[in-house]
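model this:
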Amino acid sequence: MPAESARLVLTEDAVRLGRVAKDRADAIDQCGELLLELGAVEPGYLTAMHEREASVPTFLGEGVAIPHGTDPSRVFVRRTGLAVIQFPDGVDWGGPTVHVAIGIAASGEEHLGILTALAGVLTDPDKAARLRTAATPADVVALLNPKPSDD
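Just a heads-up that it's a prediction; the model follows:
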């Protein structure tokens, strides 16, 4: 089925743990720079991530934010990708505190499976705590790439 073949899978190379950010802008920069490093975006996307945050804050709850670009910035997306960065000490996100920022670069709808998995994590306080305190990139990948078998 085409939807399955387009499914985005989070990989360990897109996860950074134990990071520090001086503020929300720094955290967004780190997400954008990781997306750039991964080859998912062109440099212009980073500016658009800040533009999106200024117009629509990306805090979701449970210490998680999903910084991403504006619709016009899709021209800077080379391929759909995610960048997960954990900030154990937290980052002031204009009021709420963020411990995990998930940068999203999407040219289509491939990221929706990860967002669905993330919604499942955020509605379960134990899973949300595991995401905020994950000790390895594999722990993050396991939480956000649930197995189809539903074990």
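
CA atoms for contacts and neighbours, from now on please.
OK.

tell me what the strand or helix carrying residue 129 is packed against?
When elements are defined using DSSP states H and E, residue 129 is found to belong to helix 125-132. Packed against helix 125-132, as judged by 3 or more Cα pairs under 8 Å, 6 or more residues apart in numbering; DSSP states H and E, are the following elements: strand 97-105, helix 112-122, helix 137-144.

export these to JSON lines and tack on mean pLDDT, distance to residue 23 and mean neighbour count?
Converted to JSON lines, the helices and strands packed on helix 125-132 look like this (pLDDT from 0 to 100; distance: least, Cα to Cα, whole Å; neighbours: other Cα atoms under 10 Å):
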{"stretch": "strand 97-105", "mean pLDDT": "95", "distance to residue 23": "10", "mean neighbour count": "26"}
{"stretch": "helix 112-122", "mean pLDDT": "74", "distance to residue 23": "23", "mean neighbour count": "17"}
{"stretch": "helix 137-144", "mean pLDDT": "90", "distance to residue 23": "23", "mean neighbour count": "18"}
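
distance to residue 77 added to the ones you listed, as JSON lines?
Formatted as JSON lines, the entries for the helices and strands packed on helix 125-132 read as follows, by distance: least, Cα to Cα, whole Å:
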{"stretch": "strand 97-105", "distance to residue 77": "6"}
{"stretch": "helix 112-122", "distance to residue 77": "16"}
{"stretch": "helix 137-144", "distance to residue 77": "22"}
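
tell me, how many residues neighbour residue 48?
21 (other Cα atoms under 10 Å).

against residue 71, how distant is it?
To residue 71, residue 48 is 9 Å away according to Cα to Cα, to the nearest Å.

sorry, back to before: which stretch among the helices and strands packed on helix 125-132 comes nearest residue 10?
Closest approach to residue 10 among those is made by helix 137-144 (6.0 Å; Cα to Cα).
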